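Peer 1: Sequence plus the predicted model coming up.
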Amino acid sequence: MFKFNNQRKLTKHFHSREYFNNLGREEPTEQAVFNATQLLLKCEKVREEFGKPLVITSGCRTYHHNLIIYHHLNELREEEGLDPLPTAFNSDHLIEKCMAVDFADPNKELANFILKDPLILSRHNLFMEDPKYTKTWVHLSVNPKSKRIFRPY
């Protein structure tokens, strides 16, 4: 029987508590942990090519945590006079999927690195949200999209 262990590494550089840090009392399924591990193994390859550590800012989310994130984002957008974003009710981050990760990228170094060689996404079968829509992070997913670099909404 599967028992989630939040104290182990999923890959060489990524720990389960980093990726699954917003679950509260909920626990991912065996399939969700498998999905997360497959995703992060691909991200390890990107990390190797990038040559710098990647810091997870958002991994697996509960439905409730996802709502909180979008509420906060839309409060900030409202302060800037921007229209609200639609809540991603089918986000690849959700606990049912665990197929996406966000990495800190405040200076756009990782985004620019990938944009200089977008085939890195094809080589590792990853998809990235267009950096025009991600201010301080890079969003990578293994869930197929219509384009390797896609618009999030």
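Peer 2: Perfect, thanks for sending it.
Peer 1: Just the pLDDT at the residue sitting furthest away from the middle of the chain, thanks.
Peer 2: Centroid-distance maximum for the chain: M1 at 27.8 Å, with CA atoms, centre = their mean. pLDDT recorded at M1 is 73.
Peer 1: Over to Y70?
Peer 2: 92.
Peer 1: repeat for the one 4 residues further on
Peer 2: Reading off the confidence values, N74 has pLDDT 94.
Peer 1: Helix or strand next in line after whichever strand or helix holds it, which one?
Peer 2: Element membership of N74 [criterion: DSSP states H and E] is helix 63-79. Downstream of helix 63-79, the first helix or strand assigned by DSSP H and E is strand 100-104.
Peer 1: ok, that next one: who's next to it in the sheet?
Peer 2: Here strand 100-104 has these sheet partners by DSSP bridges: strand 56-58 (antiparallel), strand 137-141 (antiparallel).
Peer 1: Give the next helix or strand downstream of that strand.
Peer 2: Sequence-wise, the next helix or strand downstream of strand 100-104 (DSSP H and E) is helix 109-116.
Peer 1: how much space between the one residue sitting closest to the centre of the chain and D83?
Peer 2: Nearest to the mean C-alpha position of the chain, by CA atoms, centre = their mean, lies V101 at 1.5 Å. Distance, V101 to D83, using CB to CB, to the nearest Å: 27 Å. (Glycine included, C-beta is placed from N, CA and C.)
Peer 1: Out of the strands paired with strand 100-104, which is closest to E96?
Peer 2: The closest of the strands paired with strand 100-104 to E96 is strand 137-141. By CB to CB, the value is 14.1 Å.
Peer 1: Show residues contacting the helix or strand following that closest one.
Peer 2: Next helix or strand after strand 137-141 toward the C-terminus (DSSP H and E): strand 149-150. Outside of strand 149-150, the residues within contact range by CB atoms under 8 Å, 6 or more residues apart in numbering are L115, P118, L121, F127, M128, E129, D130.
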